[in-house]
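K.L.:
what follows is a protein structure lacking sequence information:
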């Protein structure tokens, strides 16, 4: 009788242990697979954050200049929507204002990619079913994925806190923890979405959409309040990115706000675990809609469009909204710069020396172009995803050649880049209220550099398929050079490592056709070499 009672008493605990069997092994496997991706993401976030204090010191060297900046931000709704309110005019406070929200955005993207990669992506590829045939508990894969995200976010928090400790230990720790906690909120959100959908692509897209909504809510809330007092808009508090800024790093930190992150992670994590225990491997609560076998999907190009149209629509909407926001900021560009010569110099290095307004527009056009490079890389690498998941083989087994198969995706990648830049230019013109033609022409000029990065992605996929992911590093390096290069006055040879460094500064500057045509020719050669390699190599090799 006693033994029976003991068995009954400890049965739930034993069952719970079986649910997590193999978690340690799966975590080690996940960290080994992400041994390059996680350090790169953490390094990018760290460089973003740690580059800011030096830049701010060089531009706003006195306390009076920093106080003027904080005051101007309190009356500039467009800048508050973009970066949030300024809670302190110290170097640390301005660093948290300028980079905090974007550090949280990058941590969120890193975390959602890690979780989806080791949950839904593993199930979609069939690897999870193979692993589950061994001693692996039902909830072990989800636990390992969340722990991998936690490792990445914890490393980010420690490095950010250590790197900014000279500005104030408490503020540095608050900012590091808030950035990492934002990452974990969206890691657990991705865990929920991964249970609801059958596709890793859809899981990433839906979680990214929630992240975009969080940014919009925070921007809408911040644009209507100065943030210099004690309160924030209700809309701001509805967003985890709003929680991040309301920790008020380097400005009388609100440590209790971190409890909101803890509650959000705990609630979403519990929901994800509950859903994971109520479905079979490979299944989902929201089944995919069956597609037509003919008609719209009668060609490889139509299939490529079906697979990528959601991404195209999402990027298009984002660029239009971003363009309108940037255009609205242009009216106050002169007031923002004021008499600060160093700020004017940075804007002119980024956008040319044709006046502050034109230079600011050129800077915004350049930023849109560098972000569009991320789109073209993701679109080109969809080919790699189709190949490694073995979905390309059934298509190529029919009367479809490799070049025809690739051409559909590349048309969407390169044509989609043109579309989103056009919409970004239209948005800039709408927000600014004038100069539609020059701004649109400037956006189209960026395509030469964007297509070079897309060509490099095609080259890597076609010739070195296992290194295709390195295309992300190319786009990231171009973005970092364009972002921090002017502020740190990097030498021109370093700036020229990015194809964007060779483009004319438009609008306002003189059009130079030679570098544009040269970049277009380089892009064409890279695509041709990549497609030649694709024809000659084996698939999934």
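P.N.:
Received the coordinates, thanks. Note that the coordinates shown come from a computational prediction; the quantities given were computed from them, not determined experimentally.

K.L.:
C-alpha only now, for contacts and for neighbours.
P.N.:
Will do.

K.L.:
could you list the low-pLDDT ranges of the chain?
P.N.:
Residue ranges of the chain with pLDDT under 70: 1-17, 78, 125, 128-134, 137, 224-231, 280-298, 331-356, 485-490, 540-541.

K.L.:
repeat that for 50
P.N.:
Applying pLDDT under 50 to the chain picks out residues 1-11, 229, 293.

K.L.:
quick one, helices of the stretch 51-200 of the chain?
P.N.:
63-74, 77-83, 91-117, 120-125, 127-132, 140-163, 169-196, 200-223 (DSSP state H, counting those that start in this stretch).

K.L.:
kindly report the same for the stretch 351-500 of the chain.
P.N.:
Ranges of helices in the stretch 351-500 of the chain, per DSSP H, counting those that start in this stretch, are 356-380, 382-388, 392-397, 402-432, 436-445, 447-463, 470-488, 492-495.

K.L.:
highest mean neighbour count out of those?
P.N.:
Mean neighbour count, computed with mean count of other Cα atoms under 10 Å, is highest for helix 447-463 among the helices of the stretch 351-500 of the chain, reaching a mean of 27.

K.L.:
remind me what it packs against, helices and strands.
P.N.:
Helix 447-463 sits against helix 356-380, helix 402-432, helix 470-488, helix 513-536, with contacts defined as 3 or more Cα pairs under 8 Å, 6 or more residues apart in numbering; DSSP states H and E.

K.L.:
could you export these as JSON lines, including distance to residue 499?
P.N.:
Shown next, in JSON lines, are those (distance: least, Cα to Cα, whole Å):
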{"stretch": "helix 356-380", "distance to residue 499": "10"}
{"stretch": "helix 402-432", "distance to residue 499": "16"}
{"stretch": "helix 470-488", "distance to residue 499": "8"}
{"stretch": "helix 513-536", "distance to residue 499": "8"}
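
K.L.:
quick one: closest of those to residue 496.
P.N.:
Among the helices and strands packed on helix 447-463, helix 470-488 comes nearest to residue 496, with 9.1 Å by Cα to Cα.

K.L.:
if we can go back for a sec, out of the helices and strands packed on helix 447-463, which is closest to residue 178?
P.N.:
So among those, helix 470-488 is nearest, using Cα to Cα, at 22.8 Å.

K.L.:
picking that back up, identify whichever of the helices and strands packed on helix 447-463 lies nearest to residue 323.
P.N.:
Among the helices and strands packed on helix 447-463, helix 402-432 comes nearest to residue 323, with 4.1 Å by Cα to Cα.

K.L.:
I'd guessed residue 53 sits against residue 96; true?
P.N.:
No: using Cα atoms under 8 Å as the test, residue 53 is too far from residue 96 to be in contact (9.7 Å).

K.L.:
how deep is the nearest residue to residue 160 once chain neighbours are set aside tucked in, by neighbour count?
P.N.:
In this structure, residue 160 finds its nearest non-sequential neighbour in residue 176, 5.2 Å apart by Cα to Cα, 6 or more residues apart in numbering. Using other Cα atoms under 10 Å, residue 176 is surrounded by 31 other residues.

K.L.:
wouldn't residue 176 be in contact with residue 163 here?
P.N.:
No: using Cα under 8 Å, residue 176 is not in contact with residue 163, being 9.6 Å away.

K.L.:
give me the common contacts of those two.
P.N.:
Counting by Cα atoms under 8 Å, 6 or more residues apart in numbering, residue 176 and residue 163 have no shared contacts at all.

K.L.:
just so I have it, where are all the strands in the stretch 251-400 of the chain?
P.N.:
Applying DSSP state E, counting those that start in this stretch to the stretch 251-400 of the chain gives no strands.

K.L.:
contacts only, for residue 91.
P.N.:
So residue 91 contacts 53, 56, 57, 167 (Cα under 8 Å, 6+ apart).

K.L.:
my bad, should have said residue 208
P.N.:
Residue 208 sits next to residue 109 when contact means Cα under 8 Å, 6+ apart.

K.L.:
how far away is it from residue 153?
P.N.:
Here residue 208 is placed at a distance of 18 Å from residue 153 (Cα to Cα, to the nearest Å).

K.L.:
got it, and residue 415?
P.N.:
Residue 415 sits 36 Å away from residue 153 when distances are taken as Cα to Cα.

K.L.:
now residue 466
P.N.:
Using Cα to Cα, residue 466 is found at 27 Å from residue 153.

K.L.:
and these two? Which one has more around it.
P.N.:
residue 153 (27 against 14).

K.L.:
shouldn't the more buried one be in contact with residue 186?
P.N.:
No: using Cα under 8 Å, residue 153 makes no contact with residue 186, being 11.2 Å away.

K.L.:
give me the common contacts of these two.
P.N.:
Applying Cα under 8 Å, 6+ apart, one finds that residue 153 and residue 186 are jointly contacted by residue 111.

K.L.:
check contacts around residue 63.
P.N.:
When contacts are counted by Cα under 8 Å, 6+ apart, residue 63 touches 89, 90.

K.L.:
cool, residue 272 as well?
P.N.:
Contacts of residue 272 by Cα under 8 Å, 6+ apart are 188, 191, 192, 195.

K.L.:
at 10 Å what do you get?
P.N.:
Applying Cα atoms under 10 Å, 6 or more residues apart in numbering, we find residue 272 in contact with 139, 142, 188, 189, 190, 191, 192, 193, 194, 195, 196, 266.

K.L.:
need those in TSV (columns: distance to residue 218 and neighbour count).
P.N.:
Output for the contacts of residue 272, formatted as TSV (distance: Cα to Cα, whole Å; neighbours: other Cα atoms under 10 Å):
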residue	distance to residue 218	neighbour count
139	34	22
142	29	29
188	20	29
189	18	28
190	20	33
191	23	30
192	23	24
193	22	27
194	25	33
195	27	29
196	26	21
266	22	15
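
K.L.:
now, the most widely separated pair of those residues?
P.N.:
Once Cα to Cα is applied, the contacts of residue 272 give 196 and 266 as the farthest pair, at 18.4 Å.

K.L.:
in ChimeraX, select just the buried ones from the contacts of residue 91.
P.N.:
To isolate the buried subset of the contacts of residue 91 in ChimeraX, counting by 16 or more other Cα atoms under 10 Å, use the following:
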select :53,56,167
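
K.L.:
of all the contacts of residue 91, which comes closest to residue 24?
P.N.:
Within those, the smallest distance to residue 24 is 37.6 Å, found for residue 167 (Cα to Cα).

K.L.:
correct me, but the closest one touches residue 53?
P.N.:
Yes: look at residue 167 against residue 53 with Cα atoms under 10 Å: they come within range, at 8.6 Å.

K.L.:
anything in contact with each of the two?
P.N.:
Listed contacts common to residue 167 and residue 53 are 90, 91, 92, 93, 95; contacts here mean Cα under 10 Å, 6+ apart.
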